[in-house]
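Sequence plus predicted model, see below.
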2 protein chains.
Amino acid sequence: MFKNKFNVNNISKYLYITFWGDMMRVPNHIGIIPDGNRRWAESKGMTKEKGYDSGLDPGLTLFKLCKEAGVKEITYYGFTTDNTKRPSIQRRAFTDACIDAVKMISKEDASLLVLGNTKSPMFPKELLPYTTRRTFGKGGIKVNFLVNYGWMWDLNQLKLSNSSSAKNVAGNIQSNNISRIDLIIRWGGRRRLSGFLPVQSVYSDFYVVDEYWPDFKSEHFFNALDWYNKQDITLGG
Amino acid sequence: MFKNKFNVNNISKYLYITFWGDMMRVPNHIGIIPDGNRRWAESKGMTKEKGYDSGLDPGLTLFKLCKEAGVKEITYYGFTTDNTKRPSIQRRAFTDACIDAVKMISKEDASLLVLGNTKSPMFPKELLPYTTRRTFGKGGIKVNFLVNYGWMWDLNQLKLSNSSSAKNVAGNIQSNNISRIDLIIRWGGRRRLSGFLPVQSVYSDFYVVDEYWPDFKSEHFFNALDWYNKQDITLGG
C-alpha cells in the first residue's frame, strides 16, 4: 500500500508506522469540498477570483495521498449551478481552475468522470470529452469531478425513471455512476454540505478543516483519516 | 420574544441580555438528531433499550426553548426504517418512546405532524391519527416527528411525480410538508446525517454535541444558536 513513490513529506511515513501498520480502516470513497478559495485570496490582499488557481496543487497532492492510502474513489466538488450566479470574473476563474484540474488528473493513472449539467451554457465545452468515464494511464482509482452540478438537477432524474415500483434511488439519479461516500472532508471551516451529492452523502462521516483549501497540508488528510478510523459504521442501523 | 413563561434555568435570561438583545439571527427551522440513548444506558450500567425513556424530558425542554427563542419549525428524528432492523426489545422501546413523545407534544401549543412509512407494520398504529398536520392547543410552532422514516422511501415518491419537467424536487417527495432546515443539531458526537431528510438538509448548518441525548442541557441549545449566529447564509451561492 505504502510505496512512497513521491515525496509529499515525511509525515506519511510516520503515519504508516503509527496507524496504517496497525490496520487502519481507510475509507473507500472520499468526497472533497475544497472551500475557502475566495476568503484565502482576500486574506492575502488579492481580489476573490485570484484564489482558485492556488487550489490546483492541493488537488493533485491530495489525489496522490489518496492513492497511496488505498482510497478507491475520490469526488471533487468543482462548482455548482448555484455558484454560477456569482460575478462573471469569479465564474470564469473557477471554471478555468476546474478545466485545469481535470486536465491535470488526466495525466495521472485514474478512471476519470466529469459530471454536471452539460445542457447549460455554464458547462465548459472543454470538459465535454470527459463526461463519460474513461481510463487514463494505467487507470485504477476512480476520480469524479462535479462541474456545473446541481442537487436538484441530480434528483430530478428520478422523475424520468421507468422503474416506479423499484426501491432503487441511487441507480436512477444523474450521479448514478458515483458510489456511496464514506468520508467527506470540507476545507474552509463551514459545517454544511452545500448541495453536495445528497444521496451518496446520507451516511457519510463529515470532517471539517478550518483552514482554507489553498492552505492545504497533508496533515489535514491524515488527521481526517485518523478521525474516520475511530468512527463506527452503522449505515443507519 | 423572551417571555420566561417557564423556568428552565437562568441561562436563557443571561443569553437574552448578551445575545438575543443584540439581534441574534435565530434559525427558522431546526432539525434534531437525538442520538446516544443506547450508549448513555450502557454508561449507566443499564441495558441498551433502557435509554430511550430518558430522552422524553429533553425533548419537551428543547421544544419549549425553541418556542421561546422564536424558532418556527422543529423536526425530531424519531426512528428510521434502518433502525427497525435492531433487536425487537430495542425496537419496542424506541417505538414506545416516540408514541409518548408525540402525545406529550400534543398537550402543548403546536402544529403537529408525524411523517413516516405508514404502510409498514413497523409504523405504530397509535400514531396514525397524527399523520396529517393538526393544530393542538393554540397551535403556532410547527413540530414534525419522523417515525419509521426512510430517506429512500422519501425520495422514491419523486418517481410518481407527474410534473416530469418541473424543477420542483422538494414539493414532490413524501416529506413535502417539511420545509428547508437551517440548523441541524445532533447529540452523541457523531458527525453524519444518517439519512435525515436529505433534501431539506442540502444547505443546513450542522452542529454536533458530544454528550448523549439523555444528558441534554439547555447550554447545548444555546451554544448551537450562538454558533449558528456566526455562520453566513449562502444557500450554495
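Done, it's in. Numbers count the residues shown, from 1 in each chain, chains lettered A, B, ... in the order given.

Only C-alpha atoms from now on, for both contacts and neighbour counts.
Will do.

Surely A:K67 touches A:K142?
No - taking contacts as CA atoms under 8 Å, A:K67 lies outside contact range of A:K142: 9.8 Å.

From B:P27, how far out is A:S201?
Separation of A:S201 from B:P27 (CA to CA, to the nearest Å): 23 Å.

more neighbours, those two?
A:S201 (25 against 21; other CA atoms under 10 Å in any protein chain shown).

Against chain B, how distant is that one?
Per CA to the nearest CA, to the nearest Å, A:S201 is found 8 Å from chain B.

So for A:S161, what's the pLDDT?
According to the prediction, A:S161 has pLDDT 76.

Mind jotting down where the strands sit in chain A?
Taking DSSP state E, the strands of chain A run over residues A:29-34, A:73-80, A:110-115, A:134-136, A:142-149, A:183-187, A:205-209.

and of these, who's closest to B:R92?
Evaluated over the strands of chain A, closeness to B:R92 peaks at strand A:205-209, with 28.0 Å, by CA to CA.

Quick check: A:A110 touching A:I141?
Yes - the pair A:A110 / A:I141 is scored as a contact, 5.1 Å apart, by CA under 8 Å.

residues contacting the residue minimising distance to the centre of chain A?
Centroid-nearest residue in chain A, with CA atoms, centre = their mean: A:Y76, separated by 2.0 Å. By CA atoms under 8 Å, 6 or more residues apart in numbering or on different chains, the residues touching A:Y76 are A:G31, A:I32, A:I33, A:P34, A:V143, A:N144, A:F145, A:L146.

would you list these in a markdown table and tack on distance to chain B and pLDDT?
A markdown table is the format used below for those (distance: CA to the nearest CA, whole Å; pLDDT from 0 to 100):
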| residue | distance to chain B | pLDDT |
| --- | --- | --- |
| A:G31 | 13 | 98 |
| A:I32 | 15 | 98 |
| A:I33 | 12 | 98 |
| A:P34 | 13 | 98 |
| A:V143 | 23 | 98 |
| A:N144 | 20 | 98 |
| A:F145 | 17 | 98 |
| A:L146 | 14 | 98 |
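
So which of those is the closest to B:E219?
Nearest to B:E219 among the contacts of A:Y76 is A:I33, at 30.4 Å by CA to CA.

ok, and the closest non-adjacent residue to the closest one?
In space, and not counting its chain neighbours, A:I33 is closest to A:R186: 4.5 Å by CA to CA, 6 or more residues apart in numbering or on different chains.

does the one you found really touch A:T75, like I thought?
No - the pair A:R186 / A:T75 is not scored as a contact, 11.9 Å apart, by CA under 8 Å.

Mutual contacts of those two, please.
The overlap between the contact sets of A:R186 and A:T75 (CA under 8 Å, 6+ apart) consists of A:I32.

Touching, A:K142 and A:D109? I think so.
No - in this structure, A:K142 is not within contact of A:D109 by CA under 8 Å, at 9.5 Å.

Tell me the confidence at A:G237?
Confidence score, pLDDT, at A:G237: 71.

nope, A:V8 is what I was after
Note on A:V8: pLDDT of 48.

Next, give me the two most distant ones among the contacts of A:Y76.
Longest distance between any two of these is 14.8 Å, between A:P34 and A:V143; criterion CA to CA.

Name the residues of chain A found near chain B, please.
A:80, A:82-86, A:152-153, A:155-156, A:158-164, A:167-169, A:190-196, A:198-199, A:202-207, A:231, A:235-237 (CA under 8 Å from any CA of the partner chain).

out of the residues you listed, which are buried?
Buried members of the residues of chain A next to chain B, counted by 16 or more other CA atoms under 10 Å in any protein chain shown: A:80, A:82-84, A:152-153, A:155-156, A:158-161, A:164, A:168-169, A:190-196, A:198-199, A:202-207, A:236.

Just the ones of the residues you listed in helices?
Counting by DSSP state H, those place A:M152, A:W153, A:L155, A:N156 in helices.

How many neighbouring residues does A:T47 have?
Number of residues near A:T47 (other CA under 10 Å) recorded here: 14.

And the one 5 residues further on, by the same measure?
When counting by other CA under 10 Å, one arrives at 24 neighbours for A:Y52.

pLDDT score for it?
So, for A:Y52, pLDDT stands at 96.

Would you mind confirming that it makes contact with A:A97?
Yes - between A:Y52 and A:A97 there is a contact at 6.1 Å, judged by CA under 8 Å.

Looking at the contacts of A:Y76, which is nearest B:T61?
For these, the closest approach to B:T61 (CA to CA) belongs to A:I33, at 35.6 Å.
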